[in-house]
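Asker: pasting the sequence and the predicted coordinates here, then a few questions.
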Amino acid sequence: AVIECNDDQLHSMMEELRGYFGLDVIEVPLDALASASASRELHDVDILISAGHDEVIARAAALLGKPYIITSVRPALLERLSRLLARGPVYFLVTDPRFGTKLRRLVAPMARSENLHVLLTDRDDLSVIPWGAPTYIMRSTLHRFSNRRHAGREIMPQRIFSRDTSHEILSRIHAISGTP
């Protein structure tokens, strides 16, 4: 199960776990974690995976008797973002304002973090994106995006999990399946 506080990360992590690891994944919003229905859903999962919320996830995993993984992002993605921010405006097209807030916190320590611009695909005017500006497209926006136009240079979704996270996921898969 993927557990996160925003739809963009829920969707992105689910797609990567399905596409690259072949896992059958359910999404559980963090704010629904304590609900009875989430507890029933999580009863049958093999592992809890989140990009943060360490204490909450550890507590839920302990209550359920499940292993968990707190993921990390590939350093190359953050390095590229840092380089792009140093050169000028960088746009992220997202569906959930909570991810925008989280992204701003992540980028805040980077030089030229003021060059980050987060736009909500369903709400904001995408014509503000300058021609050729690097524009990250979150996986969750792809299905909503077909009729929206902008002048930016699109950076399509990429693998997000770090090497260490990928190794940990594979190790857990092998442990669960009983394969060496």
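Answerer: Cool, got the structure. On a predicted model such as this, the values are computed, not experimentally measured, just so you know. Numbering: from 1, shown residues only.
Asker: ok but Tyr136 is inside a strand, no?
Answerer: Yes. Counting by DSSP: H, G, I helix; E, B strand; the rest coil, one finds Tyr136 located in a strand.
Asker: contacts only, for the nearest residue to Ala58 once chain neighbours are set aside.
Answerer: What sits nearest to Ala58 in space, not counting adjacent residues and going by C-beta to C-beta, 6 or more residues apart in numbering, is Tyr68, at 6.5 Å. Bear in mind the C-beta positions are built from the backbone N, C-alpha and C, glycine included. Shown in contact with Tyr68 (C-beta atoms under 8 Å, 6 or more residues apart in numbering): 47-50, 57-58, 60-61.
Asker: buried subset of these as a ChimeraX selection?
Answerer: Buried subset of those, written as a ChimeraX selection, criterion 16 or more other C-beta atoms under 10 Å:
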select :47,48,49,50,57,60,61
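Asker: what ranges do the helices span in the protein?
Answerer: In the chain, the helices defined using DSSP state H lie at 7-21, 36-43, 54-64, 75-87, 97-107, 139-142, 163-177.
Asker: so what's the gap between the last one and the chain middle?
Answerer: Read it as helix 163-177. Between the centre of helix 163-177 and the centre of its host chain there is 18 Å, according to C-alpha atoms, centre = their mean, to the nearest Å.
Asker: and what of the second one?
Answerer: Taking C-alpha atoms, centre = their mean, the mean C-alpha location of helix 36-43 is offset from the chain mean by 22 Å.
Asker: same thing with stretch 14-31?
Answerer: Distance, stretch centre to chain centre, for stretch 14-31: 10 Å (C-alpha atoms, centre = their mean).
Asker: and that stretch, end to end?
Answerer: With C-alpha to C-alpha, to the nearest Å applied, stretch 14-31 spans 17 Å between its terminal residues.
Asker: now do it, average pLDDT.
Answerer: The average pLDDT for stretch 14-31 rounds to 96.
Asker: tell me where the protein is predicted with low confidence.
Answerer: 145-148, 180 (pLDDT under 70).
Asker: one more time with 90, if that's ok
Answerer: 34-40, 122, 141-150, 156-158, 176-180 (pLDDT under 90).
Asker: just name the closest of the contacts of Tyr68 to Leu120, please.
Answerer: Each of those was scored against Leu120 by C-beta to C-beta, and Ser50 proved nearest at 22.9 Å.
Asker: tell me what that closest one is bridged to.
Answerer: On the basis of DSSP bridges, Ser50 is bridged to Ile70.
Asker: show me the contacts for Arg157.
Answerer: Not quite, residue 157 is Pro, not Arg. Counting by C-beta under 8 Å, 6+ apart, Pro157 makes contact with 12, 15, 137-139, 142.
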